[in-house]
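K.L.:
Fold the following, please.
(chains A, B, C and D)
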2 protein chains.
Amino acid sequence: MTSSKPSPRPTEAELDILRVLWDQGACTVREVHEQLHADGGAGYTTVLKLLQIMHAKGLVARDDAQRAHVYRATVSRQRTQKRFLSEMVTRLFNGSPSQLVLHALGETPRASKAELRQIRELLDRIDGGGKSQ
Amino acid sequence: MTSSKPSPRPTEAELDILRVLWDQGACTVREVHEQLHADGGAGYTTVLKLLQIMHAKGLVARDDAQRAHVYRATVSRQRTQKRFLSEMVTRLFNGSPSQLVLHALGETPRASKAELRQIRELLDRIDGGGKSQ
DNA sequence: TTTGACTTACGAAGGTCTTCGTTGACATCC
DNA sequence: GGATGTCAACGAAGACCTTCGTAAGTCAAA
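P.N.:
Residues are numbered from 1 along each chain as shown, chains lettered A, B, ... in the order given. This is a model prediction of the structure:
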């Protein structure tokens, strides 16, 4: 039983921290804080508190071998993206993912050639492989 | 100055109500409540309170000519979809809408032929018309 | 050993969100 | 007219989120 916790949806501030953790890998509180609020958005203890809460929720793991604890994300970027995406589909797009794709694509005139090609390839794979009705 | 208010992002419970209003058109509180919590999810006054708050926020308009006030959405489904989509892109997809499309497409093996075709057409229009660098 | 820098831990304040109980207004039916 | 039912309005409670001030612990250098 390794996956006993569904681990709750991250809040906005938590997402900001997760982004740092995903990009930088494991970080200390100070590193996250400097990455996120170098200008002075939120204080050091705010980030610390958030990380403690996230740890309690199971969103991050903590290595306290050193004095400055090191945090790393336990939820993957992919999984989180998927989760938010599917919530959005049910809440806002009548449960139709392709509707979401259509809308998102409409707002995306600045895609690179490579990306467009990637999308086409994926499309081919879906169309060719899984011809449902 | 008709459009002085950006009108805040709807919360989850507010989104549920907006969905009803979008699908059914203008509704009384009772109608929304029965549509949403016929089983007994939340009480009548809860829906009423939410609609009052949404009215204060400018998310819905109210016609109080009759005793039972009639509410209708002032924000369109499209606009709201776009808004959530773009927030998601910046928060979760490094600002790249096509990345979002790619992911959403990956979770969409059950798209209908018609939808896939629609996506392809849109893709062609983007690719052909806006060939950037 | 004392000082100072750095760190975690604790608790609390202020805000928003969601829910509901109660009240008073209004209409209808007997 | 009085009882009954429906409605909007109000206030408040409880939960969660975000932020921060302060205390307490640890380590190294002076």
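K.L.:
only C-alpha atoms for contact and neighbour calcs from this point on.
P.N.:
Fine.
K.L.:
helix/strand/coil for the residue in chain A positioned nearest to chain B?
P.N.:
Nearest to chain B, among the residues of chain A, is A:Val101, at 5.5 Å (Cα to the nearest Cα). Classification of A:Val101 using DSSP: H, G, I helix; E, B strand; the rest coil returns helix.
K.L.:
Run a quick neighbour tally on A:His19.
P.N.:
Rather than His, residue A:19 is Arg. Number of residues near A:Arg19 (other Cα atoms under 10 Å in any protein chain shown) recorded here: 19.
K.L.:
Retrieve the pLDDT associated with the residue of chain A closest to chain B.
P.N.:
For A:Val101, the model assigns a pLDDT of 93.
K.L.:
and the closest residue in space to it that isn't next to it in sequence, what is it in contact with?
P.N.:
Excluding the flanking residues, the one nearest A:Val101 by Cα to Cα, 6 or more residues apart in numbering or on different chains is B:Val101, at 5.5 Å. By Cα atoms under 8 Å, 6 or more residues apart in numbering or on different chains, B:Val101 lies in contact with A:101, A:104-105, A:119.
K.L.:
Tell me which entries of these lie within helices.
P.N.:
Counting by DSSP state H, the members of the contacts of B:Val101 that fall within helices are A:101, A:104-105, A:119.
K.L.:
Out of these, who's the most crowded?
P.N.:
A:Val101 (25 neighbours).
K.L.:
Would you mind listing what in chain A touches DNA strand D?
P.N.:
Residues of chain A found near DNA strand D (Cα under 7 Å from any atom of the strand) are A:10-14, A:41-47, A:49-50, A:67.
K.L.:
Go through the residues you listed and name the one with the lowest pLDDT.
P.N.:
A:Gly41 (87).
K.L.:
In contact with it, which residues?
P.N.:
Contact analysis of A:Gly41 by Cα under 8 Å, 6+ apart lists nothing.
K.L.:
returning to that earlier point: from the residues of chain A next to DNA strand D, pick the one nearest B:Asp127.
P.N.:
A:Glu12 (34.0 Å; Cα to Cα).
K.L.:
what's next to the helix or strand of chain A with the lowest mean pLDDT, contact-wise?
P.N.:
In chain A, no helix or strand scores lower on mean pLDDT, DSSP states H and E than helix A:113-129, which sits at a mean of 85. By Cα under 8 Å, 6+ apart, the surrounding residues in contact with helix A:113-129 are B:98-99, B:101-102, B:105-106, B:109, B:113, B:116, B:120, B:123, B:127, B:131.
K.L.:
farthest-separated two in those?
P.N.:
B:Pro109 and B:Lys131 (28.4 Å).
K.L.:
neighbour-wise, which of those two wins?
P.N.:
Taking other Cα under 10 Å, B:Pro109 and B:Lys131 do not tie; B:Pro109 has more neighbours (18 against 12).
K.L.:
Which residue comes closest to that one once chain neighbours are left out?
P.N.:
Closest residue in space to B:Pro109, ignoring its immediate chain neighbours: A:Ile126 at 5.9 Å, by Cα to Cα, 6+ apart.
K.L.:
Buried subset of the residues of chain A next to DNA strand D, written for ChimeraX?
P.N.:
A single ChimeraX command selects the buried members of the residues of chain A next to DNA strand D (16 or more other Cα atoms under 10 Å in any protein chain shown):
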select /A:10,14,44,47
